[in-house]
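Undergrad: okay, here's the prediction I keep looking at, along with the sequence it came from:
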Amino acid sequence: MNIHIEKLIATHIKKFIYPEKNENFQQKILLNKNENSIGSPLIKWYNRYPDNFQTAVKEATSKIKNVAAENIFLGNGTNECIDLLYTCFCEPLKDNVIVCPPTYNRYEIAANIHNVEVRKANLIENFQLDMDLLQELVDEHTKIIWLCSPNNPTGNSIYREDIEIILNNFEGLVVVDEAYINFSRQKSFLQDLKEYPNLIILQTFSKAWGLAGLRLGALFANTEIINILNCIKSPNNINTATQELVLKALENISETNEMIKELVAMRKELVKSLAQFLFIKKIYDSDTNFLLIKVDNADKLYQFLLNKNIVVENVSNEPLCNNCLRITVGTEKENAALINAIKEFNDKKIKTDNK
């Protein structure tokens, strides 16, 4: 199937797409930016604007991900990437996108901000895609299908073959959000970029890499899409300090891999600890650094934990998630505090039930 990316660009954006805007001026004398050429009160080189295309970070990421640097776009968190995709490809009050709840709510929030219609193909009972409904919802104005795998808040991975079917049959953009892929045994779609010109992959440095405070997200796509995003992104969107710190982190991939193994092991231990409580009706399988659990009364447990200064996510209002809480795997101390609080809640519940 031939996908023509240029036909997907929003009409009001096409005038901003100039390939020459992507020129990299590194290693040149820059007298065009009105910077303070002397220095700054901090380290001297902070007086210069950051590398607008994050060349060094992309090259380092390229080696780790085995994806060419020209197929990488970096954003101020993946939320910037999500926002830019709406800006680039969706005509307000004309186009639509499809989301698959329960899923990451930013896809819908960003659509509403951009005045783009949101069509919902709710997941089925096992938290997998409703392929028939997806097909019914697609029309000539459907620009993006958003897929989160592993999914948030459910924690499971979407069947790979279903995503491949969509990629082979949908003429718009398919965004696969792999924010939690490092915690999963599922294979990333990164190596499929050459096969699918309409495939966009989101990953983040906030989860497995433990760099949430730096706010750096990555988008992987074919060069045509990357060039379009580079033309309209905010200038100097990733600051120098973030680029420097991420580069240092990327030098320690072995340490990151050990942290991932440790978090997965702690996730398994947390499952064992939670399984002892009868009021917890189900602990869903997880390919992430969090667990989704179903309980008798999510509101009561949520409030009890909150009173103990433990904050979890109450997702009971999401489709298929009635009386469900999402719990991040914490440190050993935090996990122990959680289990102790739940034990106290359970003991009080038993006393009340036996009266």
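TA: Thanks, I have it.
Undergrad: okay, now Thr55: neighbour count?
TA: Per other Cβ atoms under 10 Å, the neighbour tally for Thr55 reads 13. For the C-beta atoms, the positions are set from N, CA and C on the backbone; glycine is no exception.
Undergrad: quick one, what contacts the nearest residue to Ala179 once chain neighbours are set aside?
TA: Excluding its sequence neighbours, the residue lying closest to Ala179 (Cβ to Cβ, 6 or more residues apart in numbering) is Thr204, at 4.7 Å. Contact analysis of Thr204 by Cβ atoms under 8 Å, 6 or more residues apart in numbering lists 77-78, 179, 216-218.
Undergrad: which residues does stretch 233-250 contact?
TA: 45-46, 48-52, 54, 56-57, 60-61, 64, 73-76, 80, 84, 205, 209, 211, 214-216, 256.
Undergrad: now the strands for this structure?
TA: With DSSP state E as the criterion, the chain has strands at 72-75, 96-99, 117-120, 142-148, 173-177, 199-204, 217-220, 280-283, 290-295, 313-314, 324-328.
Undergrad: note down every partner strand of the second one and its orientation.
TA: Read that as strand 96-99. Note on strand 96-99: by DSSP bridges, its sheet partners are strand 117-120 (parallel), strand 142-148 (parallel).
Undergrad: and the angle for the longest one with strand 199-204?
TA: It stands for strand 142-148. Following axes from the mean of the first three to the mean of the last three Cα atoms, to 10 degrees, one obtains 40 degrees for the angle between strand 142-148 and strand 199-204.
Undergrad: could I have the CA atoms of stretch 314-322 written out in CSV?
TA: Provided in CSV are the C-alpha atoms of stretch 314-322 (Å, rounded to 0.1, in the frame of the first residue of the first chain):
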residue,chain,number,x,y,z
ASN,A,314,-8.1,5.7,40.7
VAL,A,315,-9.1,4.7,37.2
SER,A,316,-12.6,3.5,38.0
ASN,A,317,-14.2,5.9,35.6
GLU,A,318,-12.3,4.4,32.6
PRO,A,319,-14.1,1.9,30.4
LEU,A,320,-13.7,-1.7,31.7
CYS,A,321,-11.9,-0.4,34.8
ASN,A,322,-14.7,-0.3,37.4
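Undergrad: give me the buried positions along it.
TA: Neighbour counts over stretch 314-322 (16 or more other Cβ atoms under 10 Å) mark 314-316, 318, 320-321 as buried.
Undergrad: mind putting these into JSON lines with distance to Leu338 and pLDDT?
TA: JSON lines is the format used below for the buried residues of stretch 314-322 (distance: Cβ to Cβ, whole Å; pLDDT from 0 to 100):
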{"residue": "Asn314", "distance to Leu338": "15", "pLDDT": "98"}
{"residue": "Val315", "distance to Leu338": "17", "pLDDT": "98"}
{"residue": "Ser316", "distance to Leu338": "18", "pLDDT": "98"}
{"residue": "Glu318", "distance to Leu338": "21", "pLDDT": "97"}
{"residue": "Leu320", "distance to Leu338": "24", "pLDDT": "98"}
{"residue": "Cys321", "distance to Leu338": "19", "pLDDT": "98"}
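Undergrad: which of those residues sit farthest apart?
TA: Maximum pairwise distance in those, criterion Cβ to Cβ, is 14.6 Å, between Asn314 and Leu320.
Undergrad: count the residues that sit near Asn126.
TA: 10.
Undergrad: who's in contact with Val138?
TA: Counted by Cβ under 8 Å, 6+ apart, Val138 has contacts 98, 145, 170, 172.
Undergrad: show me where the stretch 151-300 of the chain has helices.
TA: Under the criterion DSSP state H, counting those that start in this stretch, the stretch 151-300 of the chain contains helices at 160-169, 223-232, 240-250, 253-274, 298-307.
Undergrad: now render the buried residues of stretch 314-322 as JSON lines, adding distance to Val264.
TA: Listed next are these as JSON lines, based on distance: Cβ to Cβ, whole Å:
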{"residue": "Asn314", "distance to Val264": "25"}
{"residue": "Val315", "distance to Val264": "22"}
{"residue": "Ser316", "distance to Val264": "27"}
{"residue": "Glu318", "distance to Val264": "25"}
{"residue": "Leu320", "distance to Val264": "25"}
{"residue": "Cys321", "distance to Val264": "23"}
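Undergrad: good, wrapping up.
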